[in-house]
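> Need coordinates for the below:
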Amino acid sequence: MPIRYGLLLILALLLAACAGTPAATPTPEAAQIIIPTEDARPAINVVVTTGMIADMVKSIGGTRVNVTQLMGPGVDPHLYTASENDVQTISNAQIIFYNGLNLEARLSEIFQQIGQSKPVIALGDRLPPELIKKHEGYDAPDPHIWMDVSLWAQLVTIVRDELTKLDPDSSGRYSLAADAYRQSLNDVHNMALETIATIPEEQRILITAHDAFAYFGRAYNIEVFAPQGITTAAEAGVEDIRRTIQLIIDRKVPAIFVETSVPPDVMDAIIAGAAAQGVTVANGGALYSDAMGQPDTQDGTYAGMIRHNVDTIVAALNPTPQQGQ
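The predicted model follows:
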């Protein structure tokens with residue numbers, strides 16, 4: 001056999017032997033190929049009003065949502081007016097969640113306009129009407145629905161379903177996250193029931209700056225009273241302060257509470273007015289009413305906000321709790 005034919009035969013055999021063997025290392029081009037995953041898709045751009053809603057949407061949406069919160073810690077949603085940047089942020093959102101029930105009254109016109117072109121969800125309006133509290137002399141429902149954790153938990157399904165409509169491919173993860181969040185709220189609700197119950201019934205009266213705790217009172221069996229109405233847009237008058245002082249004297253209330261989103265002036269005046277009549281009433285501490293605590297803190301979560309309020313109330317109204325409580 002001529003040499004060149006022998007070389008060709010050897011080369012053919014080598015190629016045949018290697019044909020079924022995968023390459024040991026990928027080419028540089030192959031190493032750069034990225035297989036798309038679910039998380040590689042752009043997140044849904046969500047705008048919410050309050051921290052309580054932000055906590056729920058983030059917990060259910062996870063990495064599939066990019067949440068912008070309009071109202072931060074210490075901000076009063078009753079008085080909040082949108083800035084030019086807010087209007088632009090709302091316009092760029094794919095979906096907006098807000099409390100409704102007249103809480104964000106000064107944003108209602110903007111939401112009505114934006115709602116013609118994209119989903120704008122007033123969460124409180126989705127609750128059964130018979131569960132919404134109304135107050136005599138006030139022409140709108142009580143918007144402070146998050147103060148009853150069991151009521152707030154009913155909104156989990158609404159948020160889950162609205163996110164699923166925009167992103168059906170993530171329906172499974174939204175359902176799992178919603179179930180876990182709902183269970184965590186159930187735990188907080190039971191904690192509040194058990195802890196508030198440690199206060200003797202005759203001492204169970206909660207006096208705060210404005211009437212934000214009616215749902216809390218109904219859910220956790222504690223009487224509530226406030227010199228100011230359910231919206232901070234209306235100021236407390238002299239007669240409101242006088243009635244509050246008389247209630248403190250008559251019921252021997254040991255402490256009253258300021259709120260983080262309401263100036264303390266009225267409550268300070270009540271404490272001073274009681275002292276002028278020879279009655280000492282303490283400032284029991286600051287409660288979170290219309291806004292949560294600072295981001296990246298325990299009080300900056302919805303569950304942490306409720307736990308803080310419960311612990312603060314019990315410590316002030318039941319200063320000598322039972323052993324083990």
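
> where exactly do the strands run in the stretch 101-250 of the chain?
Taking DSSP state E, counting those that start in this stretch, the strands of the stretch 101-250 of the chain run over residues 120-122, 205-207, 223-225.

> Does the second one pack against any helices or strands, and if so which?
What that stands for is strand 205-207. Helices and strands touching strand 205-207, by 3 or more Cβ pairs under 8 Å, 6 or more residues apart in numbering; DSSP states H and E, are strand 223-225, helix 238-251, strand 255-259, helix 302-317. C-beta: built from backbone N, CA, C; applies to glycine.

> One more pass at 7 Å, please.
strand 223-225 (3 or more Cβ pairs under 7 Å, 6 or more residues apart in numbering; DSSP states H and E).

> Can you say which of the strands of the stretch 101-250 of the chain is packed in most?
strand 205-207 (a mean of 23; mean count of other Cβ atoms under 10 Å).

> What's the mean pLDDT across that one?
Across strand 205-207, pLDDT averages out at 97.

> Can you name the residues in contact with it?
213, 217, 222-226, 244, 251, 253, 256-257, 313 (Cβ atoms under 7 Å, 6 or more residues apart in numbering).

> In this structure, which residue is most central in space?
Met52 (1.4 Å; Cα atoms, centre = their mean).

> for it, helix, strand, or coil?
Under DSSP: H, G, I helix; E, B strand; the rest coil, the three-state class of Met52 is helix.

> what sits against it?
Here Met52 is in contact with 146, 292, 302 (Cβ under 7 Å, 6+ apart).

> now the last one, nearest residue through space, not along the chain?
It stands for Tyr302. Asp55 (4.1 Å; Cβ to Cβ, 6 or more residues apart in numbering).

> Any figure for the gap between the one you found and Met292?
7 Å (Cβ to Cβ, to the nearest Å).

> same thing with Val279?
33 Å.

> Gln94 now?
Counting by Cβ to Cβ - Gln94 and Met292 are separated by 24 Å.

> Quick check on the two: which one has the bigger neighbour count.
A direct count of neighbours by other Cβ atoms under 10 Å for Gln94 and Met292 places Met292 higher, at 29 against 16.

> mind listing what the closest residue to the more buried one other than its chain neighbours touches?
Nearest residue to Met292 in three dimensions, chain neighbours excluded: Gly51, at 3.9 Å (Cβ to Cβ, 6+ apart). Contact analysis of Gly51 by Cβ under 7 Å, 6+ apart lists 69, 291-292.

> between those residues, which is closest to Val47?
Gln69 (8.1 Å; Cβ to Cβ).

> Could you measure from the closest one over to Ala315?
From Gln69 to Ala315 the distance is 29 Å (Cβ to Cβ).

> How about Pro73?
Distance from Pro73 to Ala315, by Cβ to Cβ: 22 Å.

> about what we covered before: and the contacts of Gly51 as a markdown table, adding pLDDT and distance to Ala122?
As requested, the contacts of Gly51 are exported to a markdown table (pLDDT from 0 to 100; distance: Cβ to Cβ, whole Å):
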| residue | pLDDT | distance to Ala122 |
| --- | --- | --- |
| Gln69 | 97 | 17 |
| Ala291 | 94 | 19 |
| Met292 | 96 | 20 |
